[in-house]
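Peer 1: here is a sequence together with a model predicted from it:
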Amino acid sequence: MSDVHDMDDMRAAPGSPATFSLDGQDVEFQAGETLIEAATRAGRYIPHLCWHPDFHPHGSCRLCTVKVNGRAGAACTMQAAAGQEVQSDTAELNAQRKTLLQMLFVEGNHFCPSCEKSGNCLLQATAYQMGMEGPHFEQFYPNRPVDASHPDLLLDFNRCILCELCVRASRDVDGKSVFAIGGHGIHTHLLVNSDSGRLGDADMALGDRAASICPVGVILPKRRGFAIPIGQRRFDQAPVSQQTQGDGDSP
Amino acid sequence: MSADLETASQPQGLRRVAIDPVSRVEGHGKVTLLLDENNRVQQARLHIVEFRGFEKFIEGRPYWEVPVMVQRLCGICPVSHHLAACKALDLVVGATPTPSADKIRRLMHYGQVMQSNALHFFHLSSPDLLFGFDSDLNQRNIVGVAQAHPDIAKKGVLLRKFGQEVIRATAGKRVHGTGSVPGGMNKHVSFEDRALLRRDVAQMIEWAQDAVNIAKQLHAQNPALYDSFGSVPANMLSLVRADGALDLFDGVLRARDAAGHIILDGASDQSYLDLIEEEVKPWTYMKFPYLRSLGPQLGWYRVGPLARIQNCDFIPTPLAEVQRREFLAWGRGQPIHAPLAYHWARMIEVLHSMEVIAELLDDPDILAGELMASGPRRREGIGVIEAPRGTLIHHYAVGDDDLVTMCNLIVATTHNNQAMNTAVRSVARQYMDGREITEGLLNHIEVAIRAYDPCLSCATHALGQMPLDVTLVGPQGELLDRVVRSQRGELRRALGASGGAPP
């Protein structure tokens, strides 16, 4: 990605705390930090799906789009600079985020009532946060068979939002490149790097970082399901906006 | 077992009366009547236009998702599907549930039976029974009951609420919880919840006894109606405990004939396919189960409280057992087949459920102890449970990759298909013959259906708001009479409003 903006003249000066304004409140940042990194470190919430603090930003979901000095940009790729006026929690931006979420919901098959990821799902939690009460758009109901060929892991493509976190985790942490994104436009989809295209034939293990990174319910450990009761799950404890330090992997 | 009135010998030229829709349960239901020139009923059918898509779309899903997914079959009795699926999948994961898991599941189930039976009787059926089948439509609902009989309505509402709280304490939510998982449970009952529930147990048992008395008094006040309305002899099927006791959670299959003689007993629920066959008829989507040993003509049966109370040898809780004996005495040595007696039996089950709940709440195993078990994997599992409306069968096959490859569900409504059809025919012959169509007369048919199944009654009752469009059509297709019930419950006669045969 070349979306990370260089703003040499506005970088934080060494030794002095530099700040930008996020929704009217100052946020300190360190040299080289993106807006979302600095905001997260300060305990401030900027909605996001494809961003994870452990990985290079991807800038694809656009949910973290904020207005910097009046211009729209992705908070996960834009570097913080002193004096920036950043707007995030506004009615206009949140309405756009809700629309993005609704489009993600209808493009896949997201049936929260019987989804084992419910309560641990970043997509669901963010939809709640943005006040999404229904899909609004017509459902696509795509036909996406699950891949249960791996002895310990299930792939349920119905829920994929193409965040590429698994691609990044497998390539950058596990050194395996088990996952990739293929296709174009509406046909873009997650691929498994094996001769058969099945996870059972790929070099993937339950302990891989890619096995626990999925923010939705695509990559799941088998036979676990509802072992953790509804009510005791991550986003049952507090809404996503209050868990800015908790962007951990799947429990 | 007479199947007369199922199909008219010469349907040509008969007039057709259709109640469509009767309900929204598991698809849609309707009743059609064919009348001859003398307005005698020649054919009566309850059609459940039901498509059980669940059996298909469960296929290809991981087995651990199934108990949560299938409970969405129903919003009234989801716990029954939740637990039947878990019982089946326990076998797939090779688990014999631990004492703690077994007792918490039982607690959940008896809470479910209690709340659902209370809902069925108080909220949905009591307006018919307290005010009369053809009473003022504006009063014939739970709001009317609350105004005319506030004490009865209050007990009904609070009994149900208590059952819902039992479900919440065990399943995690009042509706569509996730407490039971293949192999056991994912949580104990908390000390706080147990204390909360125990506080109200004595009151609930007292009110449950009152509920039995209400149902009993209704019979005593009008035995001519209650003993005859829609009454048709039928076989009876249910689970019983190995020693013959009433057990709504687990046991062996037992069937009696209409005279009360045992047809089969001690049959493993795993052998249901050897015992039960399902017949398909061209005029309805719902199958007709029957006992293989007797064949489709003689082998149909009823399930649910009326079957269960008379199928068991005893109820293993003292207060309900006293009531069971009194119920049997009402039959003077003969099995009771009157649909309205379902409600009496149903309230005995409410009392029994409360007694079981009280016992389980005193059991320390619900608070602590191992929750999960496992063992050698199997490819198939069958779970059978007595749901509030009757025997519920879940059957799954699971591949080595953990995905479900086959799902078969036989729900209580399906078991009771022939029995409900027969009751509709009995009521139609008794009340509809040659009469002008009125909402009250139509409600007689719904009362019979409602005695069996609150899902149907839920839709048919709908606080008087369910739209009905009933047409009477002559031999040449001409419209003779048409009565429309609006969303607001208003009846409007629309004679000659439109021509042509009804759909």
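Peer 2: Received it, and whenever you're ready, just let me know what you need. Predicted model, so just to flag it, every value in this text is computed and none were measured.
Peer 1: give the buried residues for stretch B:184-193.
Peer 2: Of the residues in stretch B:184-193, those buried under the neighbour-count criterion (16 or more other Cβ atoms under 10 Å in any protein chain shown) are B:184-189, B:193. To be clear about C-beta, it is placed using only N, CA and C from the backbone, and glycine gets the same treatment.
Peer 1: from these, which land in helices?
Peer 2: Secondary-structure check on those using DSSP state H: residues within helices are residue B:193.
Peer 1: identify the spatial nearest neighbour of residue A:202, chain neighbours not counted.
Peer 2: Take residue A:202 and drop its neighbours on the chain: the residue closest to it by Cβ to Cβ, 6 or more residues apart in numbering or on different chains is residue A:194, 4.0 Å away.
Peer 1: would you list every one of the helices in the stretch 401-503 of chain B?
Peer 2: With helices called from DSSP state H, counting those that start in this stretch, the stretch 401-503 of chain B shows them at B:412-415, B:417-427, B:439-452, B:454-461.
Peer 1: could these go into CSV alongside mean neighbour count, distance to residue B:77 and mean pLDDT?
Peer 2: Below are these laid out as CSV (neighbours: other Cβ atoms under 10 Å in any protein chain shown; distance: least, Cβ to Cβ, whole Å; pLDDT from 0 to 100):
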stretch, mean neighbour count, distance to residue B:77, mean pLDDT
helix B:412-415, 25, 9, 86
helix B:417-427, 26, 17, 88
helix B:439-452, 24, 14, 82
helix B:454-461, 24, 8, 40
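Peer 1: just checking, residue A:120 touches residue A:233?
Peer 2: Yes - under the criterion of Cβ atoms under 8 Å, residue A:120 is in contact with residue A:233, at a separation of 5.0 Å.
Peer 1: show me the contacts for the residue in the stretch 151-251 of chain A positioned nearest to chain B.
Peer 2: Scanning the stretch 151-251 of chain A for the residue nearest chain B gives residue A:225, at 3.2 Å (criterion: Cβ to the nearest Cβ). Contacts for residue A:225 were tallied using Cβ atoms under 8 Å, 6 or more residues apart in numbering or on different chains; they are A:116, B:62, B:64-65, B:68, B:181-182.
Peer 1: please pick the buried ones from the residues you listed.
Peer 2: Buried positions within these, assessed by neighbour count (16+ other Cβ under 10 Å), are A:116, B:62, B:64-65, B:68, B:181-182.
Peer 1: wait, which of the residues you listed is closest to residue B:228?
Peer 2: For residue B:228, the closest of the buried ones among the contacts of residue A:225 turns out to be residue B:68, at 44.0 Å, with distances computed as Cβ to Cβ.
Peer 1: which residue comes closest to residue A:98 once chain neighbours are left out?
Peer 2: Residue nearest to residue A:98 in three dimensions, not counting chain neighbours: residue A:130, with 4.4 Å by Cβ to Cβ, 6+ apart.
Peer 1: how about the helices in the stretch 51-200 of chain A?
Peer 2: For the stretch 51-200 of chain A, helices defined by DSSP H, counting those that start in this stretch occupy the ranges A:91-107, A:122-129, A:165-168.
Peer 1: and among the ones you listed, the most buried is which?
Peer 2: Among these, helix A:165-168 has the highest mean neighbour count (mean count of other Cβ atoms under 10 Å in any protein chain shown), at a mean of 24.
Peer 1: quick check: bridge partners of the closest residue to residue B:251 other than its chain neighbours?
Peer 2: Spatially, and ignoring its direct neighbours in sequence, residue B:251 is nearest to residue B:239 (3.9 Å; Cβ to Cβ, 6+ apart). Beta-bridge partners of residue B:239, counted by DSSP bridges, are residue B:253.
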